[in-house]
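*Asks:* using only what follows, build the 3D model:
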Amino acid sequence: MLHRKSRLSRRAFTATALSALVASGGAMAAGSARASGSDRDQRRATREMRGVWVATVANRDWPSRQGLTADEQRAELIAHLDNAAKCNLNTVILQVRPTADALWPSPYEPWSQVLSGTQGQDPGWDPLGTAVEEAHARGLQLHAWCNPYRVANHTDLDKLAETHPARVRPEWVVAYGGKLYYNPGLPEVRGFVQQAMLDAVERYPVDAVHFDDYFYPYPVAGQNFDDDAAYEAHGTDFADRADWRRDNIDRLIQEMAAGIRRIRPTTQFGISPFGVWRNAATDPLGSDTRGGVQTYDDLYADTRKWVREGWIDYICPQLYWNIGFAVADYAKLLPWWAEVAQGSRTQLYLGEALYKAGDPAQPAAWQDQAELSRHLALAKDQPGACGHVFFAARDMAEDRIGAMARVVADHYGQPAITPR
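*Replies:* Residues are numbered from 1 along each chain as shown. Reported below is the predicted structural model:
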């Protein structure tokens, strides 16, 4: 979910039923059949997602740098939670498994390098356990954000901790585009990554498990993701490699959802994919876009199917483009995703590019303080859109041109009630 400038780039809960809304906030309208607009807005606030991503990979948002003391790391984390509460949000999506390592004492994977600077070194505290406790104390949900298959942002296995599963089982790993990935085509890999991620669900009352947009890696021109042996061993029943790869990811999603339900039925499962499933020029079911990346074809992630089949509890497409952007117009993608979610059990939230607001490298639309606020205004006209998540925490804290303050003033005047 890191910003990719070279191409179209890119993360709480709503109530699961209207009855939950009525039970928690509907009493204010029970005596009147004609609720005012402000009443409707207040009731909406009780069920909408208002979230922020906290990215840890490469120390993007937190910790601010490697090697801070446990007290310094904790203080920075608490500051992000406090800022989310101050902005009347209700959810923090914390990246706890950035590169096949962990921000909790996992028996399966080493401590993350983003904490101490050395992968495998105990930081002296439990970041995920603390985050869950402190978020809940502030009325915030805590979603555990995991990247399923990324192993390292380099290709040197020897740089990994000696006990790292990728180093112990190098046959599980594919080097591609200057990075290391677990091979999604190996059933033993799929089983292992689920086991590693579900450990967090067993240990902590996380409100959701959250995947980002990385499944098979984003394509790199002139390079081949070498899964030939896995395809020969496991793909013979498929018409082509693309169908096999999509089936591998489908299985991950279905099995992960089942595992979460089995261990902690109240914990939800959400995914924040790249915002373009397929372009209409590729598939008449696709969106009116000209995206250079299509998740179905390039990442082998059939995100539309997951929604329509109800395999996931929520989807939060990364709609990281401005209104009127010719290649991928926010105003066109929003109703497309709303139509996809309509009639399904999957809630729709919208991923918002707060990081672009005020960035001088971005187009003029992103120099306008009101751009993001207009996104939220558009979404209010889509009955299926149930909230927004902002990328990311560092940008929310800095708020370069006041875009987040404008969102809060225009849309988040009432404190958010944590769903459920």
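*Asks:* list the contacts for residue 365?
*Replies:* Counting by Cβ atoms under 8 Å, 6 or more residues apart in numbering, residue 365 touches 322-325, 371. Backbone N, C-alpha and C define where each C-beta goes, glycine included.
*Asks:* which residues in the stretch 301-420 of the chain form helices?
*Replies:* 303-308, 330-341, 371-379, 393-398, 403-411 (DSSP state H, counting those that start in this stretch).
*Asks:* as CSV, the ones you listed with distance to residue 253, mean pLDDT and mean neighbour count would be great.
*Replies:* Shown next, in CSV, are the helices of the stretch 301-420 of the chain (distance: least, Cβ to Cβ, whole Å; pLDDT from 0 to 100; neighbours: other Cβ atoms under 10 Å):
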stretch, distance to residue 253, mean pLDDT, mean neighbour count
helix 303-308, 6, 98, 21
helix 330-341, 16, 98, 20
helix 371-379, 25, 98, 20
helix 393-398, 26, 98, 21
helix 403-411, 31, 98, 20
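*Asks:* including distance to residue 69, could the ones you listed go into JSON lines?
*Replies:* Shown next, in JSON lines, are those (distance: least, Cβ to Cβ, whole Å):
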{"stretch": "helix 303-308", "distance to residue 69": "40"}
{"stretch": "helix 330-341", "distance to residue 69": "42"}
{"stretch": "helix 371-379", "distance to residue 69": "35"}
{"stretch": "helix 393-398", "distance to residue 69": "20"}
{"stretch": "helix 403-411", "distance to residue 69": "29"}
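*Asks:* residue 96: which of these is closest?
*Replies:* Smallest distance to residue 96 across these (Cβ to Cβ): 13.8 Å, for helix 393-398.
*Asks:* most surrounded residue in the contacts of residue 365?
*Replies:* Counting neighbours by other Cβ atoms under 10 Å, residue 371 leads the contacts of residue 365 with 25 neighbours.
*Asks:* was I right about that residue contacting residue 358?
*Replies:* No: here residue 371 does not reach residue 358: they are 10.0 Å apart, not a contact under Cβ atoms under 8 Å.
*Asks:* quickly list what's touching both of these two.
*Replies:* residue 403.
*Asks:* on the three-state scheme, residue 252 is what?
*Replies:* Look at residue 252: counting by DSSP: H, G, I helix; E, B strand; the rest coil, its state is helix.
*Asks:* mind listing what it touches?
*Replies:* With Cβ under 8 Å, 6+ apart, residue 252 has these contacts: 148, 184, 190, 193-194, 215.
*Asks:* quick check: which of the helices of the stretch 301-420 of the chain is nearest to residue 161?
*Replies:* Of these, nearest to residue 161 by Cβ to Cβ is helix 393-398, at 26.6 Å.
*Asks:* residues in contact with the closest one?
*Replies:* Outside of helix 393-398, the residues within contact range by Cβ under 8 Å, 6+ apart are 52-55, 60-62, 79-80, 83-84, 87, 92, 354-355, 357, 390, 404.
*Asks:* try stretch 332-350
*Replies:* With contact meaning Cβ under 8 Å, 6+ apart, stretch 332-350 is reached by 12-14, 16, 49, 51, 270, 275-277, 287-289, 304, 306-317, 319, 321, 375, 378-379, 382-389.
*Asks:* right, I'll call it a day here.
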